[in-house]
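*Asks:* just coords:
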C-alpha cells in the first residue's frame, strides 16, 4: 500500500465511516438528554414517590396557611 492515492482513498473511507458513527452517537446523546431533562419521564418512573412528595408539600403549605389565618383572628 505504498501508492499515495490508495492511502488517501483508505483514509477517506475511514473518515467517512467515523463521521457516520459520530452522527449516530450524537443522535443517541440528544435522545438521552431529552429523556433526562423531561420531568414527565421522572414522574413516570416513580409516580408513587412524586405523589407522596406532592401530598407532603400540599399538607405543609396548607398547615402554614391555616396557622396564619388563626393567628390573625
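*Replies:* Done, it's in. Small disclaimer: the values here were computed from a predicted structure and weren't measured.
*Asks:* any low-confidence regions in this protein?
*Replies:* In the prediction, the chain carries residues with pLDDT under 70 at positions 1, 67-73.
*Asks:* change it to 80
*Replies:* 1-2, 35-37, 66-73 (pLDDT under 80).
*Asks:* ranges for the helices of it?
*Replies:* For the chain, applying DSSP state H gives helices covering 4-37, 39-45, 47-72.
*Asks:* next one: the residue nearest the centre of the chain from residue 26, what distance?
*Replies:* The geometric centre of the chain, computed from its C-alpha atoms, lies nearest to residue 36 (C-alpha atoms, centre = their mean), at 1.7 Å. Here the criterion is C-beta to C-beta, to the nearest Å. By it, residue 36 lies 16 Å from residue 26. In this view, the C-beta of every residue, glycine as well, is placed from N, C-alpha and C.
*Asks:* next: residue 40.
*Replies:* Residue 40 sits 23 Å away from residue 26 when distances are taken as C-beta to C-beta.
*Asks:* residue 7 too?
*Replies:* 28 Å.
*Asks:* do the same with residue 6
*Replies:* As it turns out, when the distance is counted by C-beta to C-beta, residue 6 lies 31 Å from residue 26.
*Asks:* same check on residue 43?
*Replies:* Relative to residue 26, and taking C-beta to C-beta, residue 43 is found at 27 Å.
*Asks:* which of those two has more neighbours?
*Replies:* For residue 43 against residue 26, the residue with the higher neighbour count under other C-beta atoms under 10 Å is residue 43, and the figures read 13 against 10.
*Asks:* quick one: residues contacting the more buried one.
*Replies:* Neighbouring residues of residue 43 by C-beta atoms under 8 Å, 6 or more residues apart in numbering: residue 50.
*Asks:* distance of it relative to residue 60?
*Replies:* Here the distance between residue 43 and residue 60 works out to 20 Å (C-beta to C-beta).
*Asks:* next: residue 24.
*Replies:* In this structure, residue 24 lies at 47 Å from residue 60, with C-beta to C-beta as the measure.
*Asks:* try residue 51
*Replies:* Distance from residue 51 to residue 60, counting by C-beta to C-beta: 15 Å.
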